[in-house]
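>>> Please find the sequence and the predicted model below.
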Amino acid sequence: MTNVISEIRKDYLYNLMLRGERADGRSFDGYRDISIQRGFIEKAEGSALVKLGKTQVLVGVKMQPGEPFADSPDRGVIITNAELVPLASPFFEPGPPNEMGIELARLVDRGVRESKSLDLKSLCIVPGEKVWIIFIDVHILDDCGNIMDASSLGAIAALLNTIVPAKKFGLGEDYPLEVKDVPIATTAMEFGGVILFDADSDEEPIASTKMTVITTADGRICGMQKSGTGMLETEQVYRIVDIACERAREIREKFLEV
Amino acid sequence: MPIAMTPAGEITLLQMDGGLTIDEFHEALELARSGCRQIYEVQRRVLIEKYGQLEGERGERTEVATCD
């Protein structure tokens, strides 16, 4: 994605940062207001609409029985997909997902998978023949920055209110999907030696690099991804990880107690 | 957890999945740092040996290979 920002805006943001400020008055590690509306789509097995400032992401979860992968015959399957429709941002193009869309889907997937929040073995119906396939569909409705964190939050919130549609497929009564952990992704960006969390759409394009850290409820790191061409000092990485753990804990406590 | 670093110790690539505590992560990053340093030294030496020599054989300057 090539996001354009005027030099004058860039200078303005840079000068603010030198004074320790941000355009919307937040602290460097402060998040915009978060709201999560669960069960937003009736037809989905689970869903959530996440608002992070003006950024809006809708996540839907669908489940259906299907064939397992040959190398894991007794495990359910998670398929994560992200839709970046042109309506959501002037910088999204129609057509197959670009690099950014793929990275987003993979990171959301990594959070759910590596935190082991879903017990894939319990999603097995008949070993080698039939398992539950979980589709996590992330739709970006409005990209005003940091769709990564919003998507990840939406995915876990949607999974938390997912009801396994067993009855529809003649597999007994419906039951809530068991979620064992709540992974939270937090993304920091670096610009001119400053680390900012939850960058908005003005700040994002000036970042030389971004780093996403996904943490689990017990404070472990279950995924990390540095994107962009810039470089980070080791100390900066440590700081990002520390703040990421703290923010993730706050977000988890506020919204997503299991 | 793949990590790439410049000789100055700046991180250019970092990716991780699995599970690490913060202390383990610090340890991993320190190990990666010394690993990157070792590979850099070897790579640098080999390149200078090979191309430094070739330059020399042709009777040209050999400084090219020694700049950082």
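That came through, no problem.

>>> Just give the nearest non-adjacent residue to A:Phe197, would you?
A:Asp29 (4.6 Å; C-beta to C-beta, 6 or more residues apart in numbering or on different chains). Just so you know, the C-beta spots here come from the backbone N, C-alpha and C atoms, and that holds for glycine as well.

>>> Check the secondary structure at that neighbour for me.
coil (DSSP: H, G, I helix; E, B strand; the rest coil).

>>> show me what contacts it?
For A:Asp29, the contact set (C-beta atoms under 8 Å, 6 or more residues apart in numbering or on different chains) comprises A:195-197, A:243, A:246-247.

>>> Quickly note the distance from it to A:Val77.
37 Å (C-beta to C-beta, to the nearest Å).

>>> repeat for A:Leu123
Relative to A:Val77, and taking C-beta to C-beta, A:Leu123 is found at 8 Å.

>>> Please enumerate the shared neighbours of the two.
With C-beta under 8 Å, 6+ apart, A:Leu123 and A:Val77 have common neighbours A:131-132, A:134.

>>> wouldn't A:Gly228 be in contact with A:Thr209 here?
Yes - at 3.9 Å, A:Gly228 and A:Thr209 qualify as touching, with contact defined as C-beta atoms under 8 Å.

>>> quick one: which of those two has more around it?
Taking other C-beta atoms under 10 Å in any protein chain shown, A:Gly228 and A:Thr209 do not tie; A:Thr209 has more neighbours (19 against 13).

>>> more crowded one of A:Leu123 and A:Val77?
Between A:Leu123 and A:Val77, counting by other C-beta under 10 Å, A:Leu123 is the more crowded of the two (22 against 16).

>>> The more buried one contacts A:Leu159, doesn't it?
No - taking C-beta under 8 Å as the definition, A:Leu123 is not a contact partner of A:Leu159, at 11.9 Å.

>>> Mind listing the shared neighbours of those two?
A:Ile134.
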